[in-house]
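A.B. asks: How does the following fold in three dimensions:
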Amino acid sequence: MWEQLELVNGVLYRKWFRLETDEITPKEMRQEILTLAHDDVSGGHLGITKTVQKVCQQFYWVNLHSEVADWIESCPICCARKNPPRKNRAEMENIKVGEPLERVGMDITGPFPITKFKNRYVLVLMDYFTRSVEAYPIPDMGSYTVARYFCKEFISRFGVPRIFLSNQGPCSEARLFQQLCNLFGIYKTRNSSYHPMTDGFVEKMNHTLKNVIASYIDEGQTDWDEWLSFALTAIRSSVQETTGMTPNKLMFGREINIPLTLLHEPLPSTPPS
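C.D. replies: Presented below is the predicted three-dimensional model:
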């Protein structure tokens, strides 16, 4: 361990296998870092692994992993909503994707308490290549509502996906939605009722999204739709297990700025000479 450390101009650095050199984060900064990485709205009260990965993108100190674990295990919000272990499920099938937004999956989750904007459901759209997720609060699951949000909110920003994957819900199977896909030249496919885990990625994302929103609001609170965008920020800026990168990095070629990354000026790739 000690042979990895180097003192340069009064700053302690760690020599690291990526051929970069990490500054050892001073102890007095660590509480603020953990607060921003986990407790902040851009942190989303995500788990230990994702929080460690988020911190490690910019900071390093000895025993970082154990300090993050202690922080999360003592977080009152996380302790209050700790879920029981999930049942073992069938392994998700690998889906080959060649580029961002080539294949997009859709699901609808809810119902939730009705908000002042009359929203009850969330339309979730996920890109299989980047694992980037978009989510829109909607008042109903009607085919017109879903088609309108898919067209005006998603396609207008990201373009037309080549392949569109959905479950066998009434809205996505409706003639209107099929006509929309035909209009844009989208190949529409769906999950088999016998093999629903082919779209387990979107289902898993729904679970994560619900947990993040639950960390922002109190039980019975009805303004969940106003916190949805913050939940998406937390998810998109977290490293995904299947890609080893954040959705932001894969989608935009760089990380976006969040409060954690603005904590101090970016470190140089090599220590000053």
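A.B. asks: Could you use CA atoms for every contact and neighbour count after this?
C.D. replies: OK.
A.B. asks: Okay, and residue 204 sits in which element?
C.D. replies: helix 200-216 (DSSP states H and E).
A.B. asks: Can you tell me the closest non-neighbouring residue to residue 58?
C.D. replies: Distances taken as C-alpha to C-alpha, 6 or more residues apart in numbering put residue 261 closest to residue 58, at 7.2 Å, once the chain neighbours are dropped.
A.B. asks: that's a strand at that neighbour, yeah?
C.D. replies: No - remark: residue 261 does not belong to a strand; assigned using DSSP: H, G, I helix; E, B strand; the rest coil, it is coil.
A.B. asks: neighbours of it, just the number please.
C.D. replies: By the criterion of other C-alpha atoms under 10 Å, residue 261 has 19 neighbours.
A.B. asks: Give me the distance between it and residue 158.
C.D. replies: 26 Å (C-alpha to C-alpha, to the nearest Å).
A.B. asks: quick one, phi/psi of the residue most central in space within the chain?
C.D. replies: Nearest to the geometric centre of the chain sits residue 235, at 2.0 Å (C-alpha atoms, centre = their mean). When read as degrees, to the nearest 10, the backbone of residue 235 gives phi -70, psi -40.
A.B. asks: how close does it sit to residue 183?
C.D. replies: Residue 235 is 32 Å from residue 183, by C-alpha to C-alpha.
A.B. asks: likewise residue 149?
C.D. replies: Taking C-alpha to C-alpha, one finds residue 149 at 16 Å from residue 183.
A.B. asks: more crowded one of those two?
C.D. replies: The residue with more neighbours, out of residue 149 and residue 183, is residue 149; 17 against 9, by other C-alpha under 10 Å.
A.B. asks: ok, for that one, nearest residue in space, not its chain neighbours?
C.D. replies: Closest to residue 149 by C-alpha to C-alpha, 6+ apart is residue 136, at 7.6 Å.
A.B. asks: The one helix or strand that neighbour maps to - which strands sit beside it in the sheet, and in what orientation?
C.D. replies: In this structure, residue 136 is located in strand 133-138 according to DSSP H and E. With DSSP bridges as the test, strand 133-138 is paired with strand 121-127 (antiparallel).
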